[in-house]
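> No letters, just coordinates:
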């Protein structure tokens, strides 16, 4: 089990975006949605390491959701009330299934200024259509997402070597 992250002994790590693109999903009601994961901050522990000697990382990210298209039959009168979590909960209409379309294995790529590399992609867990309509009368969806899928390659210079062992390029057990 992972110990809690020690924020007092962590450093903020800057990064550059190599690739950050939209992921597209077909919904069972005929709509198409696009989702973009945007990375915010990355922190690296200076005193917590995994079993392979790699420093622990944490990051913040958010998902941006937008409709790409929807069937005309789903258009309605725009809702006049501000959209709040309570309004969404009161207006759930139907769970919709979804599947990715387009390139199936898109990952966002980031180069950290400490020499490490991070790949992320959204992890959408459920989508439900509500009775709420947007400004143009378009359907409004409630979307749930889990922790992003990730793959991290830690810079060799950051890996603490155990005595008698040598480490090759490894993948971090970081979490976001």
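It's in. Every value quoted in this text rests on a predicted model; they were computed, and no experiment measured them. Numbers count the residues shown, from 1 in each chain.

> Quick check: longest strand in this protein by residues?
strand 32-49 (DSSP state E).

> Who are the packing partners of it?
Judged by 3 or more Cβ pairs under 8 Å, 6 or more residues apart in numbering; DSSP states H and E, strand 32-49 is in contact with strand 10-13, strand 15-19, strand 23-27, strand 55-69, strand 108-112, strand 117-121, strand 139-145. C-beta here means a position set from N, CA and C on the backbone, and glycine is covered the same way.

> Please identify the buried residues of it?
The neighbour-count check on strand 32-49 (16 or more other Cβ atoms under 10 Å) flags 32-35, 37, 39, 42-45, 48-49 as buried.

> Residue 101: which of these is nearest?
Residue 101 lies nearest to residue 32 out of the buried residues of strand 32-49, by Cβ to Cβ, at 7.5 Å.

> Just give the nearest non-adjacent residue to that closest one, would you?
Spatially, and ignoring its direct neighbours in sequence, residue 32 is nearest to residue 68 (4.2 Å; Cβ to Cβ, 6 or more residues apart in numbering).

> Does that neighbour touch residue 34 like I think?
Yes: using Cβ atoms under 8 Å, residue 68 is in contact with residue 34, at 4.9 Å.

> and for those two, which residues touch both?
residue 24 (Cβ atoms under 8 Å, 6 or more residues apart in numbering).

> Identify the neighbouring strands of the longest strand of the chain in the sheet and state each direction.
Next to strand 32-49 in the sheet, as set by DSSP bridges, lie strand 10-13 (antiparallel), strand 23-27 (antiparallel), strand 55-69 (antiparallel).

> what's the offset of that strand from the middle of its chain?
Its chain's C-alpha centre lies 7 Å from the corresponding centre of strand 32-49 when counted by Cα atoms, centre = their mean, to the nearest Å.

> from the chain's centre, how far out does stretch 91-110 sit?
Worked out by Cα atoms, centre = their mean, stretch 91-110 lies 11 Å from the chain centre.

> And the contacts of it?
With Cβ under 8 Å, 6+ apart, stretch 91-110 has contacts from 15-21, 23-29, 31-33, 37, 39, 42, 117-121, 124, 126-132, 141-142, 151.

> 7 Å instead, please
15-21, 23-29, 37, 39, 118-121, 124, 126-132, 142 (Cβ atoms under 7 Å, 6 or more residues apart in numbering).

> rewinding a little: just want the angle from the longest strand of the chain to strand 15-19.
Strand 32-49 and strand 15-19 meet at an angle of 140 degrees, taking axes from the mean of the first three to the mean of the last three Cα atoms, to 10 degrees as the criterion.
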